[in-house]
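Chemist: quick one, fold the following:
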Amino acid sequence: MDPHLLRTFVAVVRTGSFSSAARELGYTQAAVSQQIASLENDLKVTLLRRRPVATTEAGARLLEHAGPILLRIQAARSELVRLGSAARSRLRVGASPLAAVHIAGPLAEARRSHPRLDVAVQVLPRAGIAAAVATGELDIGLVDGAAAPSDPLRLDDAVPITAVAVDERPLVVPLPVSHPLAARPGLDLDGLVDALWLDAPDAAVPLPSLRHVTGARDGFRPSFACEGGDPALLIDLVSAGHGLAALPAGLAAGHPGLVEVPVRAPRIVHRTELLHPRTIGPASASFVAAVAR
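Modeler: Numbers count the residues shown, from 1 in each chain. Take a look at the predicted model:
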């Protein structure tokens, strides 16, 4: 199966039309049509209905495989490039908002070890950081999430990267001091299933994660969405009574209007992990070693 044809197929499905895929890929519409026809001839099945564009059952099955296949191809290319230029003095670090606090110290160590280091740092949504590390867009990734104590975060098995534990902190629910539950020594998330929560997938533990750990498929209703991954804004919204959020202990401790109440059940923690490719350059190695220390 030609990966170029597979990439064209994915582009057509994602954009919803042959013409849009052609503009995105820099081809003519006729070339895109020809590539899809070549892929269908190779596989001996019809993958797309043309008007309107939609996947057939076979096309839907191929789409499930296409993402991991293309990711592994790009990851292999990126790893071989790193092997051929291991001395390149570059460091690209991406972190989710709640994991970004772990960048400064290790970055200082990497820059001391490599004075001419070309550095770029980005705060990014959790989703996509692992793939960006695998494909070489990032040299180091830092991600966070909820997990059972000492358990790793759930990452895509198709992504060929190494994960290193960085930090585990108790999980808390910050509550306004006037809240009826603010004086409790601990909270059971099962008892908060019907409360209103802020939908802030990058600045707090995502609501789907809370549903997963409690088994409450329809619980944790969002009060409203809070996008952009700004923990300070989220804490202010919680303080004003707009909804609840699950956060790592200490993040809201300095806010005068809030009390951090520990999550006692289920037994989960806030975990941060460092992600790096299997082959890393010297600057990345300095960063990883600093985190390990």
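Chemist: contacts for the helix or strand where residue 197 lies?
Modeler: Here residue 197, judged by DSSP states H and E, is contained in strand 196-199. Strand 196-199 is contacted by residues 204, 207, 210, 220-226, 234, 237-238, 242-245 when judged by Cβ atoms under 8 Å, 6 or more residues apart in numbering. (Glycine included, C-beta is placed from N, CA and C.)
Chemist: keep only those of the residues you listed that are in helices.
Modeler: 207, 210, 234, 237-238 (DSSP state H).
Chemist: among these, which one lies nearest to residue 138?
Modeler: Relative to residue 138, the closest of the ones in helices among the contacts of strand 196-199 is residue 234; by Cβ to Cβ it sits at 24.4 Å.
Chemist: just to check, that closest one is in contact with residue 228?
Modeler: No - with contact defined as Cβ atoms under 8 Å, residue 234 does not reach residue 228; the gap is 9.5 Å.
Chemist: between these two, point out the one with more neighbours.
Modeler: residue 234 (26 against 13; other Cβ atoms under 10 Å).
Chemist: and residue 30, how many neighbours does it have?
Modeler: Around residue 30 there are 10 residues (other Cβ under 10 Å).
Chemist: before we move on, what about residue 53?
Modeler: 18.
Chemist: CA-only coordinates of stretch 48-58 in PDB, if you can.
Modeler: The C-alpha coordinates for stretch 48-58 follow below in PDB (Å, rounded to 0.1, in the frame of the first residue of the first chain):
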ATOM      1  CA  LEU A  48     -15.300   6.400  -1.000                       C
ATOM      2  CA  ARG A  49     -18.700   7.400  -2.300                       C
ATOM      3  CA  ARG A  50     -18.300  10.500  -4.500                       C
ATOM      4  CA  ARG A  51     -21.400  12.700  -4.100                       C
ATOM      5  CA  PRO A  52     -21.300  13.600  -1.400                       C
ATOM      6  CA  VAL A  53     -17.900  12.300  -0.300                       C
ATOM      7  CA  ALA A  54     -18.300   9.600   2.400                       C
ATOM      8  CA  THR A  55     -16.500   6.500   3.400                       C
ATOM      9  CA  THR A  56     -17.800   3.100   2.500                       C
ATOM     10  CA  GLU A  57     -17.600   0.400   5.200                       C
ATOM     11  CA  ALA A  58     -14.200  -0.600   3.700                       C
END
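Chemist: that one: which residues count as buried?
Modeler: Going by neighbour count (16 or more other Cβ atoms under 10 Å), the buried part of stretch 48-58 is 48, 53, 55.
Chemist: can you turn the buried part of the contacts of strand 196-199 into a PyMOL selection?
Modeler: Isolation of the buried members of the contacts of strand 196-199 (16+ other Cβ under 10 Å) is achieved in PyMOL through the command below:
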select buried, resi 204+207+210+220+223+226+234+237+238+242+243+244+245
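Chemist: can you map out the strands along the stretch 51-200 of the chain?
Modeler: Counting by DSSP state E, counting those that start in this stretch, the stretch 51-200 of the chain has strands at residues 54-55, 90-95, 118-123, 140-147, 161-176, 187-188, 196-199.
Chemist: winner for burial among those strands?
Modeler: strand 140-147 (a mean of 25; mean count of other Cβ atoms under 10 Å).
Chemist: and that one, how far out from the chain middle?
Modeler: Distance of strand 140-147 from the chain centroid (Cα atoms, centre = their mean, to the nearest Å) equals 8 Å.
Chemist: what's the angle from that strand to strand 90-95?
Modeler: Relative orientation of strand 140-147 and strand 90-95, computed by axes from the mean of the first three to the mean of the last three Cα atoms, to 10 degrees: 20 degrees.
Chemist: summarise which helices and strands strand 140-147 is packed against.
Modeler: Counting contacts by 3 or more Cβ pairs under 8 Å, 6 or more residues apart in numbering; DSSP states H and E, strand 140-147 is packed against strand 90-95, helix 129-134, strand 161-176, helix 207-214, strand 269-277, helix 282-292.
Chemist: give me the helices and strands touching the first one, please.
Modeler: Which is strand 90-95. Against strand 90-95 (3+ Cβ pairs under 8 Å, 6+ apart) you get helix 104-113, strand 118-123, helix 129-134, strand 140-147, helix 282-292.
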